[in-house]
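**Student:** I would like the atomic coordinates for the input below:
(one chain, ligands or ions: 1)
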Amino acid sequence: MISRRGVLHCLCGLGLGALARGALASTSFSSIPMQQHEMAMRAAITMALQNPVYPFGAVITDASNGKVLARGVNAAIDNPTLHGEIACINNYVSQHGNKNWSNCILYTTGEPCPMCMSALIWANIGGIVYGSSMDIIQKSGIEAFALSAKDINQASNFSQTVLLGGVLEAECNALFANRK
Ligand SMILES: [Zn+2]
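**Tutor:** Have a look, this model is predicted:
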């Protein structure tokens, strides 16, 4: 089930001129079946289970068919920049090169932090789907910035991506509630 928060909120308040050069058109994003989003989020949850302390898992998919192109899990114990999303970006580039970003969607168990959100906007990714909100992440005791993914998206003067939150929210929230 998608929560009340599960709404597209990137293009609100933006004129057509501000449409992202990388983002999928909101119509093509909206036409993706929820089942495709949920299958990808399940793959992200599977990745998150590899880190029971910081259960941030991510996958990047081909938006046209939902095929998983790269996976990542938080490895900040090895490198402070290796949040799940950055690990996934790095794996994507190693496997597919630095291209085709606008046809990709990143799925992550938790709302992206400012570092990851900025990196995804720099990549011109086609869309971002997350499970748990920043509020849930903070309540689980994880350090966080008081800047939402939406804030970062709207603060960019060059590109906005499409954001969808609350996909498999209950399952993702359980990851954070039960973290070690
Ligand atoms: Zn991050």
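
**Student:** Where does pLDDT dip in this structure?
**Tutor:** Scanning the chain for pLDDT under 70 picks out 1-22.

**Student:** near the ion, which residues of it show up?
**Tutor:** 83, 113, 115, 116 (CB under 5 Å from the ion). In short, each C-beta sits where N, CA and C put it, glycine included.

**Student:** all helices for the protein, in order.
**Tutor:** All helices of the chain, identified by DSSP state H, fall at 26-30, 34-48, 84-96, 114-122, 134-139, 149-155, 169-177.

**Student:** could you dump these to JSON lines with mean neighbour count?
**Tutor:** As requested, these are exported to JSON lines (neighbours: other CB atoms under 10 Å):
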{"stretch": "helix 26-30", "mean neighbour count": "14"}
{"stretch": "helix 34-48", "mean neighbour count": "19"}
{"stretch": "helix 84-96", "mean neighbour count": "21"}
{"stretch": "helix 114-122", "mean neighbour count": "21"}
{"stretch": "helix 134-139", "mean neighbour count": "17"}
{"stretch": "helix 149-155", "mean neighbour count": "19"}
{"stretch": "helix 169-177", "mean neighbour count": "19"}
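
**Student:** Just give the nearest non-adjacent residue to residue 29, would you?
**Tutor:** Take residue 29 and drop its neighbours on the chain: the residue closest to it by CB to CB, 6 or more residues apart in numbering is residue 162, 4.7 Å away.

**Student:** Kindly state the beta-bridge partners for the one you found.
**Tutor:** residue 127 (DSSP bridges).

**Student:** Could you shift the numbering so residue one becomes 59, and keep it that way?
**Tutor:** Sounds good: first residue 59 from here, last item residue 220.

**Student:** With respect to residue 134, which of the helices of the chain lies nearest?
**Tutor:** Nearest to residue 134 among these is helix 142-154; the distance by CB to CB comes to 9.2 Å.

**Student:** helices or strands up against that closest one?
**Tutor:** helix 92-106, strand 115-120, strand 126-131, strand 162-168, helix 172-180 (3 or more CB pairs under 8 Å, 6 or more residues apart in numbering; DSSP states H and E).

**Student:** okay, these in JSON lines with distance to residue 229 next?
**Tutor:** As requested, the helices and strands packed on helix 142-154 are exported to JSON lines (distance: least, CB to CB, whole Å):
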{"stretch": "helix 92-106", "distance to residue 229": "6"}
{"stretch": "strand 115-120", "distance to residue 229": "11"}
{"stretch": "strand 126-131", "distance to residue 229": "16"}
{"stretch": "strand 162-168", "distance to residue 229": "9"}
{"stretch": "helix 172-180", "distance to residue 229": "20"}
